[in-house]
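**Q** This is a predicted model, with the sequence first.
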Amino acid sequence: MTIRYPAEIAVTVAVLAGSVLAVLNDGEPPRLAVLGWALIVAACAALFFRRRFPVAVAAVTLACCAVYYPLTDPDGIIILTFAFALYSSAAEGHVKPAAGLAAASMLGVTAGELTSTSGRHVDNFAFFLMTGWFIAVVAVGAVTHYRREAERSKEDEARRRTTEERLRIARELHDVLGHNLALINVQAGAALHSKDAVQAQDALGTIKRTSKEALQELRTTLGMLRQADVPSVSRISELAEAVRASGLTVRTEIDVKTLPPEVDLAAFRIVQEALTNVTRHAAASAVTIRIRETGHDVSVQIEDDGRGGTASPGNGIRGMTERAEALGGELTAAASETGFRVHARLPR
């Protein structure tokens, strides 16, 4: 069986037991005993609300102590409730309020000692001991809080990186499989409906080459952590050749120098996905690929002479947009004067 409030119960038992022992050892009838026990019970009860109202509980326990010690006898250890509430407040992130309450308590003790008409009740050693105790309690609570925050930040960062990695792998697999399977589908349809044996043979040969490339791409994607042959702008000619086999006229205008790896990969995947969409949806006869440097950015544009119109927000365009935005760039996909245009701006 799990105890719900183990710390609160432990402090309450300690305070009650300590107070009973103080009464038994004092030898004289306690002064304002009912008030004293009421304050002890109130302070202990407040501790059970410390997680929901940490600063308020610290203030309540301080108030109970401020009334208890000047007015009642004997001196119990109700101060333990205030120390525990201070720690809880600091540990929950309310470090400044906890420090303020600790300072207020010591100022109250100082004021009480200076205005007392019956002499001092707290000597210098006890005063400095109490001050050091409160400072230590707040400090330990603050350290606990910041340590929790650091651990929470690490966990959040780990989750964020895991999510980003999953999205990256999902985009890679979508781009690789979507592009090549689309070409295979087109060629299979051509072979199925062709009455020309030579044309059907060519279509089957294209299917064989495309499926082989798809397997190679898949192995490359799954081997990204080993820095395998990562797709890049230099391999766009291979994409163009594969698409030409489906009957499209593909023109390429590429004028870029060596790109950073992440930009190089993003440009390749955007072109790949755009060509996949042209093959599957555009009913185009020609497509032009333009990649060039514009200042500190790389411009990637794919334009066809197909149907045009409004693009449906599918995984392909969403994936291209995410790739561009992940690098701090942007992507637009919309109808042009002659068909449909995809344009991405990728910061170098």
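**A** The structure has been received and is ready for your questions.

**Q** Helices along the protein, start to end?
**A** Remark: helices assigned in the chain by DSSP state H are 6-26, 33-46, 54-71, 79-91, 95-115, 124-193, 197-222, 236-244, 261-277, 315-326.

**Q** Surely residue 89 is in contact with residue 99?
**A** No - at 9.4 Å, residue 89 does not count as touching residue 99 under the criterion of Cβ atoms under 8 Å. To be clear about C-beta, it is placed using only N, CA and C from the backbone, and glycine gets the same treatment.

**Q** the more surrounded of those two?
**A** The neighbour count for residue 89 versus residue 99, taken as other Cβ atoms under 10 Å, is higher for residue 89 (31 against 19).

**Q** any idea how far residue 162 is from residue 169?
**A** Distance, residue 162 to residue 169, using Cβ to Cβ, to the nearest Å: 11 Å.

**Q** So which of the two has more stuff around it?
**A** More crowded of residue 162 and residue 169, by other Cβ under 10 Å: residue 169, with 13 against 10.

**Q** how about low-confidence regions in the stretch 201-348 of the chain?
**A** 216-230, 308-315 (pLDDT under 70).

**Q** returning to what we had before: so of the helices of the chain, which one's packed in deepest?
**A** helix 79-91 (a mean of 26; mean count of other Cβ atoms under 10 Å).

**Q** who touches that one?
**A** Defining contact as Cβ atoms under 8 Å, 6 or more residues apart in numbering, one finds that helix 79-91 is touched by 7, 11, 14-15, 18, 43-44, 46-47, 50-51, 54-55, 57-58, 60-62, 64-65, 69, 97-99, 101-102, 105, 133-134, 137-142, 144-145, 148.

**Q** Excluding sequence neighbours, find me the nearest residue to residue 293.
**A** Leaving out its chain neighbours, the residue that sits closest to residue 293 by Cβ to Cβ, 6 or more residues apart in numbering is residue 256, at 5.4 Å.

**Q** how close does residue 170 get to residue 328?
**A** Distance of residue 170 to residue 328, given as Cβ to Cβ: 21 Å.

**Q** Columns distance to residue 307 on top of the helices of the chain, output as a markdown table?
**A** Shown next, in a markdown table, are those (distance: least, Cβ to Cβ, whole Å):
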| stretch | distance to residue 307 |
| --- | --- |
| helix 6-26 | 69 |
| helix 33-46 | 72 |
| helix 54-71 | 63 |
| helix 79-91 | 63 |
| helix 95-115 | 63 |
| helix 124-193 | 16 |
| helix 197-222 | 24 |
| helix 236-244 | 17 |
| helix 261-277 | 11 |
| helix 315-326 | 15 |
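
**Q** and those helices, which one's lowest on average pLDDT?
**A** For the helices of the chain, the bottom mean pLDDT is recorded on helix 197-222, which sits at a mean of 72.

**Q** which strands and helices sit next to it?
**A** Under the contact criterion of 3 or more Cβ pairs under 8 Å, 6 or more residues apart in numbering; DSSP states H and E, helix 197-222 touches helix 124-193, helix 236-244.

**Q** Dump those into CSV; add distance to residue 271 as well.
**A** Below are the helices and strands packed on helix 197-222 laid out as CSV (distance: least, Cβ to Cβ, whole Å):
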stretch, distance to residue 271
helix 124-193, 10
helix 236-244, 6
